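> Quick one: sequence plus predicted model below, questions after.
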Amino acid sequence: MRHDYYYYDREQLLAAPKLPIQVLADNDAVFQAMAWEMAEEIRRKNALGERTVFICPVGPVGQYPYFVDIVNREGISLKNVWFLNMDEYLTDEKEWVDKDHPLSFRGFMDRAVYAKIRPELLMPEGQRVFPDPKAPDRMTRLVEELGGVDICFGGIGINGHLAFNEAQDELTPEQFKALRTRVLPISPETRTANAIGDFNGALDDMPRWCVTIGMNEIYNARKVRLGCFRNWHRAVVRHAAYGEVSAHFPATLLQDHPDALLRLTEFVAKPAD
């Protein structure tokens, strides 16, 4: 079956998307917009004396150098900020991969984000949270205790997954939205795409398991902001914005979200030559 929306040109893509789209010049513009929104929300909540709660990805990651620079340059306190990271790779024994593993999201955040923020501005370690494969329900409880998530930042996977919420065709959209933080196997499609994009094609050494924040926690964030910039995102964003809402392509579930936004590059907005 041919899906006509995969072949939409830029004008058709922007004509009537069921998921709001913002087209920016290039990768840097997408990452800068994400970083500025992070900083602005923290500033706003700090001024109100309220905590800020983000769900944060490690992919995309291009926003973090800009965010670190803004925080350090403008002296923005993160003391009342919580970063709830989306997911982490696991070993075959369902343990976190070591922080020094080249794919470790925990290691990346330590090296590329937390170690680069001025210590007097950095949030306490207890406010930098990853889902725990040994206690996955802790993330769900924490989100509830914190009063919900202000903004969920992220991207979209090759099969429409958000975080590692892989497609499950047997579920209804409402059943998929109810999925909470859990351990699950990574699909062959995701392992292949991530091996190409993040691991020099070393498919045999790609982890087969992950722990992921649930679609429930993502969908119930007050805002969802997704950045799309890869060549294969051309089809992904068209499916997300025009496809039928289904657990077959989880990003389509955001068509019903009250404040979701796809940020994509001009490259992604234009069809392939």
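Sure, I can see it. Residues are numbered from 1 along each chain as shown.
> Could you use CA atoms for every contact and neighbour count after this?
Noted.
> got a list of what the residue nearest the centre of the chain touches?
Centroid-nearest residue in the chain: Gly154, 2.0 Å away (criterion: CA atoms, centre = their mean). For Gly154, the contact set (CA atoms under 8 Å, 6 or more residues apart in numbering) comprises 56-60, 162-163, 224-227.
> would you list those residues in TSV and tack on distance to Leu48, pLDDT and secondary structure?
Converted to TSV, the contacts of Gly154 look like this (distance: CA to CA, whole Å; pLDDT from 0 to 100; DSSP: H, G, I helix; E, B strand; the rest coil):
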residue	distance to Leu48	pLDDT	secondary structure
Cys56	22	98	strand
Pro57	26	97	coil
Val58	29	96	coil
Gly59	30	88	coil
Pro60	29	94	coil
Leu162	30	97	strand
Ala163	30	97	coil
Val224	21	98	strand
Arg225	22	98	strand
Leu226	26	98	strand
Gly227	28	97	strand
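> how close does Phe31 sit to Pro133?
Distance of Phe31 to Pro133, computed by CA to CA, to the nearest Å: 30 Å.
> swap in Asp204?
23 Å.
> Looking at these two, which has the bigger crowd around it?
Pro133 (22 against 10; other CA atoms under 10 Å).
> so who does that one touch?
Residues near Pro133 by CA under 8 Å, 6+ apart: 94-96, 182-183, 211.
> again, only this time at 7 Å
94-95, 183, 211 (CA atoms under 7 Å, 6 or more residues apart in numbering).
> With Phe153 instead?
55-57, 224-226.
> secondary structure class for it?
Following DSSP: H, G, I helix; E, B strand; the rest coil, Phe153 is assigned to strand.
> Tell me the spacing between the closest residue to it other than its chain neighbours and Leu262.
Sequence neighbours aside, Arg225 is the residue nearest to Phe153 in space, at 4.9 Å (criterion: CA to CA, 6 or more residues apart in numbering). According to CA to CA, Arg225 stands 6 Å off from Leu262.
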